[in-house]
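J.: What follows is a predicted structure for the sequence shown.
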Amino acid sequence: MSTHTYKKFESGDSGDLPDKMTIYQDCMTQFNESPVNAKRCRILISRLLRLLANGEVFPETEATALFFSISKLFQHPNDSLRQAVYLSIKELSGISEDVLMATSSIMKDVQNGSDLVKSNAIRSLSVVLDESTAFSAERMLKSAVVSKNPTISSASLVTSYHLLPISENTVKRFSNETQEAVVDLKPFPQQDIIGDYYPNSTFITQYHALGLLYQLKKNDKMSLLKLVRQFADSNNLKNQLAKVQLIKIVNELVQRDPQLFPQFQGLLYHWLSNKYESVQIEVTKVITSFAATNQRLVSPELFAVAVQTLQSLLTVPRVTTKFAALRILNRLSMVSPDKILICNPELESLINDSNRNVSTYAITILLKTGTEKNISSLISTITKFIHEVSDDFKIIIIDAVRTLSLNFPQEWKAILNFLIDVLKNGEGGFKFKNNIVEALIDIVSFVPQSKELALENLCDFIEDCEFNEILVRILHLLGKEGPFTSNPSLYVRHIYNRLVLENSIIRSAAVVSLSKFALSKKDTSLRKSIVSLLKRIANDPDDEVRDRAVIALQFIENSNERISEEFIQSKYTYDFQSLESVLSVYMNNNSDSFETPFDVSNVRKITEDEAKALELKRKQDQLHNSRLEAIETCTADGSINNERADAATYAGPSSAEDQSELLASKYADELLSIEEFKPFGKLINSSNVVSLTEPEAEFVVNGVKHILKEHVIFQFNITNTLNDVALDNVAVTCTPEDPDNAILEELFSIPIDRLLPSTEGAVYVAFKKSEEIVMEGFLNNLTFTTKELNPETNEPFEGDEGFEDEYEIDSIFLNAGDYIKNSFVGDFTTVFDELPNEEVAVYNIQENITVQEVIDKIIVNTSCLPLENTQFAQSESNSHILKLFGKSALTGVKIALIVRIVKSSKGVALKAQGKSENATLCADLINSII
Amino acid sequence: MTDSLSLYSVKAVLILDNQGDRVYAKYYSAPHVPNLSLFPSVKQEKEFEKRLFKKIHKQESEILIFEDNIVLYKEYMDVVLCLIGPLEENEIILQQAFTAFKDSLDLILDSGIDKKNTQEHYDMVLLAIDETFDNGVILETDPASIASRVTTPPSSEQQMHLDLDKGLMSAWGFAKSKLQERLQQGI
């Protein structure tokens, strides 16, 4: 052997990756040599593992050959080599098919190996065993579980855990031993230690045993309860991971059955004062997340202690602990900011924490717990802070400020000044600036008073802005809002500057924006100057700019004002979902090579007010949903897209919202595609989906009410949850609750011919109504014929006549609210005062119901949009004022409501005050708000 | 919710150098459950590592949320150690695991954690990690217990000694089993 090759095995590895083929060749020769040189082999394995960890892949034949030679190393008794061999077996098992051949060597080690390699051997079993061989390891795993050596016992428990998906039965056979292992304290053996270490016994075997035990019993509520009782009361669990695991089990139990919570309350209380921070964090997590959905079951004292625990965790020096506590507080701040107010002093001291993640979290929480009193001081604090942090954090803070502007519209001035300051003076990239502009656009559209100041400052900003996308958005905003301000010509000058100085993309946007000013009624001279400006632009070198200018001129000079207004400053947009579906139907049904033009009148139009209402509603819902499930809006990771994804994955507010919208437009499309309903004309409004049965009933029914001009259609969506019975001729009979005074006249109903198991179908019942608002309730009965299914053909047995059956479902009510659509106004109080007809109604509810539940109910019943952030009750207070605004879907008549809610020991009292352009509508709605 | 009760609480363990290149990386997935791994290909893993490195390099934050994961990290001279866990896992548990990982490396690498040392004792580093995590399950949180189970590479002289030791052990074991056999037969 040359000195060169000799040295190769002596020196350690560092620097560049070794060559793949060389390693392969070396491995093949060294491993097959006899006698085995343990030292060289371990160095080679180490190099091989380095290759694998770097993502190098061996072709399957070579991997198998490697695997085969490595398994030869089992004949060498050196433990040090053994450990390396097991590592490589685990790594190669993914690539090679023939892992099974190592099984017998491994089994031998499990039985006779030294204590050191025994656990390595056991753990490698999880990759070499498969469904057919797993059972053979039962005895070995079982005896290893009861081993006094914690490492061996843990190895066996963890391996069993890995094997669960393929052989649960095998593992189940030693569940008694697993149970033993939870309580058995196994100290780390001090005798066979390599080197001068002083191991502490962590008793982590308890954690593994408990984790495995849970998987074995997870479907058995009673034995889980028993398990918690057994391990919680006495001081059985020493390991903190095991304790946390036990708390997670409690969490799982109360999430499945909230009624269990009270019996765990004492236990949770006890855990709050546990010495381990991990336990404290986990318990507060359980309490606060449970309280978000089942507030009534959590005693206020427990909640308060949980918050105090979090408060004290904020002051510890450990970053991770602070971080964890802040995450929980951040979640809470979205749900019930008033409950964590006591943490404010601690949070304020964290603003200047050296760790930016911590300080950003603290600020976002403070922004949410902020009250009208301290907002301006808070904003001045972050004005100082924001220039020092990185872009990511800036974006998070801007986002928090943006929500703030929606919650405290009256504080717009301070918020606006802050945003303008960071926009003009802040250093930052596109995302950051774009977020500020988005926040400003939000303020402009939802807080009308702020419009002029914001627009003026945006004008200044575009004089010196490097981002095309942002410029285009601002130009669009100027065109949309500018013509209605007191001094439109100011904006024209700024826009024209862009036309002279910028590139073609911005020029074309500026043309569109400019043309909108021409229609301003206030100033006719402005129109002339814009026409002359546009004429000049019509000679622009760029096609798009020229085209747009010419089109704009055409419309402006068109004598028909209606047309010009519609095209230049259209008041509505199309509902995109509905547009998309109608267009795709058009494309699919195309039989005459597009001779018939596309008919756009079927597409739902959304006016500007409605669009705003929708948008505001979506934002509110986002806040609202965050009460139910915690979202992590503040991710220190920062990038805004991720943040959204984060929110979507963990709470799904946006996706859930989209889904309900999608559902509504889906129902509407389905309805319109039914031949019988064609003569009824256009769909005016559809209600929310109301469930008419318990969600776990055999037949789950929910209803949707569709209002058309002279008709009402009830749509009953029926799901057959039985798995071997088909329902034939499914129909719904609707009987008026008060037959003598029935106004609605039933025309016909469309039954479902056959409803197969686990499918959903819709029954429609159509009524004729007058053009007025009609309110009526109906008792409903589901009638059908059940037929048993032949499991082979999935068809009913031949000759089976089936049983006729009936099933009673809840009543459906047509309310005044079903005629109302969400609508938005910027200045609720003025509008309310201006509306002519007033109605007042008083209600007393003698139920034990929270203020928030009343509010939610009223919002659903009236289908109005809650304004000025009044949809959330202050949790401590017993009174609330709710402001609602809507529009009649039939006539477009506005209606505004103020509902005052007072809760006393006897129940809840409501005083609803409504104002509307139409007295009847007002009275009708006021009388059916709850 | 069921997911949070899983013992698979670590998604990946990374050792990156001061350029964000991989020194060691292991993305865990449960052995008999298909496709639980964080990324489908090595390429995406490495891209993720680059992105992560950009975020944490020269930022003494210890913990952050990155692309829907909790990341714990510690930067040394020319390497950075990272642990990636799921968003819903208890941060302090992850911190414990991470401490076990980094402190055990500190114990076995005599002259401290750096790139050269890590590469030279790659086998030991891997063994330490293997004794800390098993397919994403936290196996042990006491650094000394972990370090005590990591064997040093056999050296030529030591090998003899070890073999002798082993031989004596097995001889004793053989004698013991024989004795037991005899005794049992006697009974």
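T.: That came through fine.
J.: Show the low-confidence segments of the stretch 751-900 of chain A, by residue range.
T.: Low-confidence segments of the stretch 751-900 of chain A, defined by pLDDT under 70: A:875-876.
J.: For it, which segments are assigned as strands?
T.: A:752-755, A:760-768, A:776-790, A:795-796, A:803-814, A:820-822, A:837-845, A:865-866, A:879-888, A:894-904 (DSSP state E, counting those that start in this stretch).
J.: is stretch B:16-31 anywhere near chain A?
T.: Yes - Stretch B:16-31 is in contact with chain A by Cβ under 8 Å from any Cβ of the partner chain, via B:Arg22, B:Tyr24, B:Ala25, B:Lys26, B:Ala30, B:Pro31. In short, each C-beta sits where N, CA and C put it, glycine included.
J.: Any idea which of the strands of the stretch 751-900 of chain A gets closest to A:Gln179?
T.: With Cβ to Cβ as the measure, strand A:776-790 is the member of these nearest A:Gln179 (43.2 Å).
J.: what about the nearest residue to A:Ala292 once chain neighbours are set aside, neighbour count?
T.: Excluding the flanking residues, the one nearest A:Ala292 by Cβ to Cβ, 6 or more residues apart in numbering or on different chains is A:Val335, at 5.2 Å. Neighbourhood size, A:Val335 [other Cβ atoms under 10 Å in any protein chain shown]: 25.
J.: pLDDT weak spots in chain B?
T.: In chain B, residues with pLDDT under 70: B:1-3, B:35-36, B:155-172, B:174, B:178, B:182, B:184-187.
J.: where do the strands sit along it?
T.: Shown for chain B, the strands assigned by DSSP state E span residues B:12-17, B:22-27, B:63-66, B:69-75, B:79-86, B:133-134, B:137-138.
J.: Please work out how many residues are found near the nearest residue to A:Ser93 once chain neighbours are set aside.
T.: Once flanking residues are discounted, A:Ser93 sits nearest to A:Val127: 4.0 Å by Cβ to Cβ, 6+ apart. Applying other Cβ under 10 Å, we find 22 other residues in the vicinity of A:Val127.
J.: A:Val127 contacts B:Ser29, doesn't it?
T.: No - look at A:Val127 against B:Ser29 with Cβ atoms under 8 Å: they stay out of range, at 11.6 Å.
J.: Which one of the strands of the stretch 751-900 of chain A lies nearest to chain B?
T.: Proximity to chain B (Cβ to the nearest Cβ) singles out strand A:760-768 among these, at 26.3 Å.
J.: Summarise which helices and strands the closest one is packed against.
T.: If contacts are counted by 3 or more Cβ pairs under 8 Å, 6 or more residues apart in numbering or on different chains; DSSP states H and E, strand A:760-768 sits against strand A:711-720, strand A:725-736, strand A:745-750, strand A:752-755.
J.: what about A:Thr178, distance to chain B?
T.: The spacing between A:Thr178 and chain B, counted by Cβ to the nearest Cβ, to the nearest Å, is 13 Å.
J.: for the residue positioned nearest the centre of chain B, what are its contacts?
T.: Residue closest to the mean C-alpha point of chain B, counted by Cα atoms, centre = their mean, is B:Ile129 at 1.2 Å. When contacts are counted by Cβ atoms under 8 Å, 6 or more residues apart in numbering or on different chains, B:Ile129 touches B:Val13, B:Tyr24, B:Lys26, B:Phe101.
J.: Give me the phi and psi angles of B:Gly136.
T.: For B:Gly136, the backbone dihedrals are phi 90, psi 0 (criterion: degrees, to the nearest 10).
J.: Hmm, it is touching B:Tyr28, no?
T.: Yes - between B:Gly136 and B:Tyr28 there is a contact at 3.3 Å, judged by Cβ under 8 Å.
J.: the more surrounded of those two?
T.: Neighbours per residue, other Cβ under 10 Å: of B:Gly136 and B:Tyr28, the larger number sits with B:Gly136, 24 against 20.
J.: ok, back up a step: select from the residues of stretch B:16-31 next to chain A the one having the most neighbours.
T.: B:Pro31 (22 neighbours).
J.: That residue and A:Ser504, how far apart?
T.: Using Cβ to Cβ, to the nearest Å, B:Pro31 is found at 58 Å from A:Ser504.
J.: hmm, back to that, I'd like the strands of chain B as TSV, with distance to A:Pro866 appended.
T.: Output for these, formatted as TSV (distance: least, Cβ to Cβ, whole Å):
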stretch	distance to A:Pro866
strand B:12-17	44
strand B:22-27	46
strand B:63-66	32
strand B:69-75	36
strand B:79-86	36
strand B:133-134	49
strand B:137-138	47
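J.: just to revisit the earlier point, looking at the strands of the stretch 751-900 of chain A, which is buried most?
T.: Sort these by mean neighbour count, taking mean count of other Cβ atoms under 10 Å in any protein chain shown, and strand A:865-866 sits at the top with a mean of 25.
J.: So what's the gap between that one and the chain middle?
T.: Its chain's average C-alpha position is 22 Å from that of strand A:865-866, according to Cα atoms, centre = their mean, to the nearest Å.
J.: one step back: anything in contact with each of A:Val127 and B:Ser29?
T.: Counting by Cβ under 8 Å, 6+ apart, nothing touches both A:Val127 and B:Ser29.
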